[in-house]
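1. Quick one, what's the 3D model for this:
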Amino acid sequence: MNTNKLEIISKELGDILISKGLSFTSAESCTGGWIGQSVTAIPGSSKWYGAGFITYSNIAKANILDVSKATLKSKGAVSEEVVTEMVEGALIKSGADVGVAVSGIAGPGGGSKDRPIGTVCIGWKVKNLKTVSATELFSGNRNEVRYATVEYTLKRLIELVRDF
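-> Numbering: from 1, shown residues only. A predicted model of the protein is given here:
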């Protein structure tokens, strides 16, 4: 795990957001604030990052980000439907233009046949564009899964924002 790499990616994201006049927010579950930590490691990030939400429990997802309890019950916290609602809630609550949301199973326990350890759902939203979501399977121990999630999430966001 190379936290320097995350800072380089975060700086690139910040430069793009500044050039486009956009602000950013994050809604995190399995990463526990690692996205927020990565972007706030960049001096001047307050110009483009205003708020991050760590909503680890289902109650927090529902109460803070307005994720539907019905969605949580029917789809589970680790689902593209939930991360879609998480990122949309984070954008509403923060007033940001761009957002990401992550929810997954980092391990060492909690996996199942359908959702093994390393399964992470990610949602990205840029302004009024349709929310994009994906389910990825990362390998490694708990910290490696979390690190890979942060790196992948930020790199994909750079692609989306660059094209906006």
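2. which residue ranges form the helices in this structure?
-> Counting by DSSP state H, the segments of the chain that form helices are 3-20, 34-40, 58-65, 69-75, 80-94, 142-162.
3. For the fifth one, buried residues please.
-> Going by neighbour count (16 or more other Cβ atoms under 10 Å), the buried part of helix 80-94 is 80-91, 93-94. Using the backbone N, CA and C atoms, a C-beta is placed for each residue, glycine as well.
4. for the longest one, same thing?
-> Applying a neighbour-count criterion of 16+ other Cβ under 10 Å, one finds 145-154, 156-158, 161 buried in helix 142-162.
5. Could you do the second one as well?
-> Going by neighbour count (16+ other Cβ under 10 Å), the buried part of helix 34-40 is 34-39.
6. want to throw those residues into JSON lines with distance to L17 and pLDDT?
-> Rendered in JSON lines, the data for the buried residues of helix 34-40 read as follows (distance: Cβ to Cβ, whole Å; pLDDT from 0 to 100):
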{"residue": "W34", "distance to L17": "19", "pLDDT": "98"}
{"residue": "I35", "distance to L17": "14", "pLDDT": "98"}
{"residue": "G36", "distance to L17": "15", "pLDDT": "98"}
{"residue": "Q37", "distance to L17": "17", "pLDDT": "97"}
{"residue": "S38", "distance to L17": "14", "pLDDT": "98"}
{"residue": "V39", "distance to L17": "10", "pLDDT": "98"}
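7. Looking at these, spot the one nearest V100.
-> V100 has its nearest neighbour among the buried residues of helix 34-40 in I35, at 6.6 Å by Cβ to Cβ.
8. Number of residues surrounding P116?
-> Other residues within reach of P116, judged by other Cβ atoms under 10 Å, total 13.
9. Ignore what I typed, I meant P108.
-> The burial metric for P108, expressed as a neighbour count using other Cβ under 10 Å, is 10.
10. measure it to C121 for me?
-> Summarising the geometry, the distance separating P108 from C121, computed by Cβ to Cβ, to the nearest Å, is 19 Å.
11. Also I18?
-> When distance is defined by Cβ to Cβ, I18 is 29 Å away from C121.
12. No more questions from me, cheers.
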